[in-house]
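Visitor: could you look at this predicted model? Sequence included:
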Amino acid sequence: MNQLFFGDNLDVLRESIKDESVDLVYLDPPFNSKRDYNLLFKSPEGGESHAQITAFEDSWHWGEQAEREYGEILQSGHTRMADLIAAFRGFLGENDLMAYLVMMANRLLELHRVLKPTGSLYLHCDPAASHYLKLVLDGVFGPENFLNELIWKRTSAHSSAKRYGPVHDTILLYGRTFSFRWNQSFQPYDPEYLQTFFDQTDSDGRRWKRTDLTGAGIRHGETGKPWRGIDITAKGRHWANPPVELDRLDAAGRIHWPKKEDGMPRLKQYPEDLLGVPLQDVWSDIRPMHNLSDERLGYPTQKPLALLERILCASSNPGDVVLDPFCGCGTAVHAAQKLGRQWLGIDITHLAISLIEKRLKDAFPGIQFEVHGTPKDLEGARDLAERDKYQFQWWACSLVDAQPFQGKKKGADGGIDGLIYFADAVGGKAATQRIVVSVKGGGVSVAQVRDLKGVLDREKAPIGLFVTLEEPTKPMRVEAAAAGFYKGGNAKDYPKLQILTVAELLEGRKRPEFPDLSMGSYTFKKAKRERLDMAAETPNLFGHED
């Protein structure tokens with residue numbers, strides 16, 4: 001069964017993924033760029049929504065967590081990695097880069113453990129960190145298992161004031177052993193190459209080129225026998241095919257006979273006879289993810305589906321298990337589902353997990369997969385609220401299909417934790433409306449309901465949702481009812497201020513009430529629907545019972 005995990009991938013790998021159970025690992029970890037990456041929601045009008053929130057902070061700091069993980073590496077029994085990381089610390093000291101390398105080293109050791117002997121790993125990074133990460137990968141896999149440094153042109157040319165324009169990412173490929181799975185990939189020939197080398201033309205206009213019918217060395221079997229009076233062994237060579245096959249090719253008009261009496265026959269080779277140019281290690285043919293792409297979901301650092309499809313086709317087969325431990329918006333698991341692979345995705349933010357859930361359900365209607373680590377009941381919701389109030393808010397917003405609002409900017413939300421856009425017919429004309437969502441994970445009071453009423457007036461929003469972990473009091477319900485109703489274009493009345501408990505939402509006993517001509521498409525961009533048969537369910541391969 002395909003599975004998503006919400007949590008730290010180091011913990012998930014150690015607790016839930018069995019040894020040698022994965023065929024292919026693709027990871028696109030944060031690059032330590034020291035930037036904050038925003039999830040760029042769009043408003044229904046096409047501009048940027050106010051609901052821009054930090055999807056992840058791409059920065060690492062030396063502290064207690066880094067020190068603890070450093071100690072784990074030293075005690076892991078992996079002496080080569082322990083020596084390498086200790087040398088790095090001596091060279092770099094206790095700084096942000098060292099924290100990043102320790103974090104990556106620990107996780108790469110676990111990823112090596114879960115790979116099958118025939119498995120391989122692709123690590124996507126940028127040139128600022130690739131030289132350090134290659135040394136870490138050498139320490140984990142052994143330099144003898146390094147296969148390729150792939151260069152992907154991720155953006156079009158641009159000027160840079162004091163250096164060459166940086167336009168590429170690096171993808172490092174390692175095999176678990178030398179028996180890694182490999183499916184040769186090809187690209188079409190360049191038209192100029194075909195024009196130059198396929199320089200002969202049939203009467204029907206088909207282009208072809210001459211190629212040899214013989215091979216070096218004398219053979220004593222069928223391919224060493226004379227054919228059509230030509231003793232090829234006299235030239236120290238042998239036929240590339242036995243005489244019966246040569247006869248078949250000649251009957252099909254595939255052999256060119258020169259006009260000179262002593263000329264050697266040649267094979268007529270057409271472009272379609274060739275598989276293409278074997279794929280090289282510089283990829284400039286996969287278009288970068290641009291702002292107007294149909295694929296773009298608004299997630300920072302999103303990669304094109306074609307990039308992941310190429311990787312999966314080259315290093316896995318249908319039915320194989322693909323793991324992405326930094327799955328972001330889920331392009332790798334999307335590609336795996338589309339190509340009939342099994343998949344595992346891990347991310348440390350609920351924002352990413354909820355986005356992937358929606359993406360997969362939009363692209364593959366009826367898809368079945370498990371989600372671990374997100375609250376399934378009231379106890380789990382309380383635990384999440386106590387551990388991380390922002391993750392709780394994002395998760396609660398996903399219960400009502402709302403865009404999270406503003407993120408961790410203290411005091412910036414103005415009483416708004418989420419937004420829902422909907423379309424309604426106002427005065428006989430379709431118009432975009434907003435629903436304001438307020439999430440409460442602790443004690444609640446009637447004053448908070450009054451506050452939400454004030455936010456609705458300020459924002460001129462027709463409906464507000466008060467999502468609460470705790471049961472509301474009777475005065476709260478009375479206050480909400482006093483807000484009155486919003487009359488939809490369908491002439492139905494909808495409560496202007498709706499109180500929804502987490503328990504009601506989890507159990508499906510209650511849903512937000514509002515009209516929506518857009519059928520939910522105004523709030524989130526939908527992934528393109530894939531018209532494929534769903535991959536068959538497969539046995540449990542992972543470190544827990546079904």
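Guide: Received the coordinates, thanks. Computed from a predicted structure; not experimentally measured.

Visitor: CA atoms of the top helix by length along the chain as CSV?
Guide: Using DSSP state H to define each element, the chain has its longest helix at helix 96-114. What follows is helix 96-114, C-alpha atoms only, in CSV (Å, rounded to 0.1, in the frame of the first residue of the first chain):
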residue,chain,number,x,y,z
ASP,A,96,25.3,26.3,9.9
LEU,A,97,26.9,24.3,7.1
MET,A,98,28.2,21.8,9.5
ALA,A,99,24.7,21.4,11.0
TYR,A,100,23.4,20.8,7.5
LEU,A,101,26.0,18.1,6.7
VAL,A,102,25.4,16.3,10.0
MET,A,103,21.6,16.3,9.3
MET,A,104,22.2,14.9,5.7
ALA,A,105,24.8,12.3,6.8
ASN,A,106,22.5,10.8,9.4
ARG,A,107,19.6,10.5,7.0
LEU,A,108,21.8,9.2,4.1
LEU,A,109,23.0,6.4,6.4
GLU,A,110,19.4,5.4,7.0
LEU,A,111,18.5,5.6,3.3
HIS,A,112,21.5,3.4,2.4
ARG,A,113,20.1,0.9,5.0
VAL,A,114,16.6,0.7,3.4
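
Visitor: could you pull out the strands for the stretch 101-250 of the chain?
Guide: Applying DSSP state E, counting those that start in this stretch to the stretch 101-250 of the chain gives strands spanning 115-125, 146-153, 168-175, 186-187, 200-201, 207-211, 214-216, 237-239.

Visitor: packing partners for the longest one?
Guide: Packed against strand 115-125, as judged by 3 or more CB pairs under 8 Å, 6 or more residues apart in numbering; DSSP states H and E, are the following elements: strand 22-27, helix 96-114, helix 127-141, strand 168-175, helix 305-315. Bear in mind the C-beta positions are built from the backbone N, C-alpha and C, glycine included.

Visitor: turn those into a markdown table, columns for distance to residue 378, mean pLDDT and mean neighbour count.
Guide: Converted to a markdown table, the helices and strands packed on strand 115-125 look like this (distance: least, CB to CB, whole Å; pLDDT from 0 to 100; neighbours: other CB atoms under 10 Å):
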| stretch | distance to residue 378 | mean pLDDT | mean neighbour count |
| --- | --- | --- | --- |
| strand 22-27 | 34 | 98 | 26 |
| helix 96-114 | 32 | 93 | 21 |
| helix 127-141 | 41 | 92 | 19 |
| strand 168-175 | 43 | 95 | 21 |
| helix 305-315 | 37 | 96 | 21 |
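
Visitor: right, and these - which one's nearest residue 527?
Guide: Closest approach to residue 527 among the helices and strands packed on strand 115-125 is made by helix 305-315 (9.7 Å; CB to CB).

Visitor: with just CA atoms, put whichever helix or strand comes after the closest one into PDB.
Guide: The element immediately downstream of helix 305-315 (helix or strand, assigned by DSSP states H and E) is strand 321-324. Provided in PDB are the C-alpha atoms of strand 321-324 (Å, rounded to 0.1, in the frame of the first residue of the first chain):
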ATOM      1  CA  VAL A 321       9.200   0.800  -4.400                       C
ATOM      2  CA  VAL A 322      10.100   4.500  -4.700                       C
ATOM      3  CA  LEU A 323      10.900   6.600  -1.600                       C
ATOM      4  CA  ASP A 324      11.100  10.400  -1.300                       C
END
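
Visitor: list of residues touching strand 321-324?
Guide: Strand 321-324 has contacts (CB atoms under 8 Å, 6 or more residues apart in numbering) with 17, 21-28, 111, 114, 312, 316, 330, 332-333, 336, 341-346, 541.

Visitor: how about residue 363: what's its closest non-neighbour residue?
Guide: Spatial nearest neighbour of residue 363, chain neighbours left out: residue 527 (4.3 Å); criterion: CB to CB, 6 or more residues apart in numbering.

Visitor: now do the contacts for the one you found.
Guide: Contacts for residue 527 (CB under 8 Å, 6+ apart) come out as 295, 297, 334, 358-360, 362-363.

Visitor: quick one, phi psi at it?
Guide: With angles defined as degrees, to the nearest 10, residue 527 sits at phi -70, psi 150.

Visitor: distance of it relative to residue 286?
Guide: Relative to residue 286, residue 527 is positioned 19 Å away (CB to CB, to the nearest Å).

Visitor: and what of residue 490?
Guide: 46 Å.

Visitor: give me the more crowded residue out of the two.
Guide: Shown here are residue 490 and residue 286; by other CB atoms under 10 Å, residue 286 has more neighbours (17 against 10).

Visitor: so which helix or strand takes in that one?
Guide: According to DSSP H and E, residue 286 maps onto no helix or strand at all.

Visitor: quick check, it in contact with residue 150.
Guide: No: proximity of residue 286 to residue 150 does not meet the contact threshold set by CB atoms under 8 Å, at 11.1 Å.

Visitor: dump the residue contacts of the closest residue to residue 1 other than its chain neighbours.
Guide: Counting by CB to CB, 6+ apart, the nearest residue to residue 1 once its immediate chain neighbours are dropped is residue 370, at 5.6 Å. Contacts for residue 370 were tallied using CB under 8 Å, 6+ apart; they are 1-4.

Visitor: likewise for residue 169?
Guide: 124-126, 151-152, 154.

Visitor: CA-only coordinates of stretch 353-372 in PDB, if you can.
Guide: Output in PDB follows, covering the C-alpha atoms of stretch 353-372 (Å, rounded to 0.1, in the frame of the first residue of the first chain):
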ATOM      1  CA  ILE A 353       1.300  16.300   3.400                       C
ATOM      2  CA  SER A 354      -2.200  18.000   2.900                       C
ATOM      3  CA  LEU A 355      -1.000  19.400  -0.400                       C
ATOM      4  CA  ILE A 356       0.100  16.000  -1.600                       C
ATOM      5  CA  GLU A 357      -3.100  14.300  -0.500                       C
ATOM      6  CA  LYS A 358      -5.100  16.800  -2.500                       C
ATOM      7  CA  ARG A 359      -2.800  16.600  -5.500                       C
ATOM      8  CA  LEU A 360      -3.000  12.800  -5.700                       C
ATOM      9  CA  LYS A 361      -6.800  12.700  -5.200                       C
ATOM     10  CA  ASP A 362      -7.200  15.300  -8.000                       C
ATOM     11  CA  ALA A 363      -4.800  13.500 -10.400                       C
ATOM     12  CA  PHE A 364      -5.900   9.900  -9.600                       C
ATOM     13  CA  PRO A 365      -9.600   9.800  -8.600                       C
ATOM     14  CA  GLY A 366     -10.300   6.800  -6.400                       C
ATOM     15  CA  ILE A 367      -6.700   6.400  -5.400                       C
ATOM     16  CA  GLN A 368      -6.100   4.600  -2.100                       C
ATOM     17  CA  PHE A 369      -3.100   5.300   0.200                       C
ATOM     18  CA  GLU A 370      -2.400   5.500   3.900                       C
ATOM     19  CA  VAL A 371      -1.300   8.700   5.800                       C
ATOM     20  CA  HIS A 372       0.700   8.200   9.000                       C
END
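
Visitor: can you list the buried residues in that stretch?
Guide: 353-360, 362-364, 369, 372 (16 or more other CB atoms under 10 Å).

Visitor: now, which of these sits nearest residue 80?
Guide: Closest to residue 80 out of these is residue 372 (32.4 Å), distances taken as CB to CB.

Visitor: who are the contact partners of that closest one?
Guide: The contact partners of residue 372, by CB under 8 Å, 6+ apart, come to 3-7, 12, 16.

Visitor: which ones among these map onto strands?
Guide: 3-6 (DSSP state E).

Visitor: JSON lines please, covering those residues and showing distance to residue 270.
Guide: Formatted as JSON lines, those follow (distance: CB to CB, whole Å):
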{"residue": "3", "distance to residue 270": "47"}
{"residue": "4", "distance to residue 270": "47"}
{"residue": "5", "distance to residue 270": "50"}
{"residue": "6", "distance to residue 270": "53"}
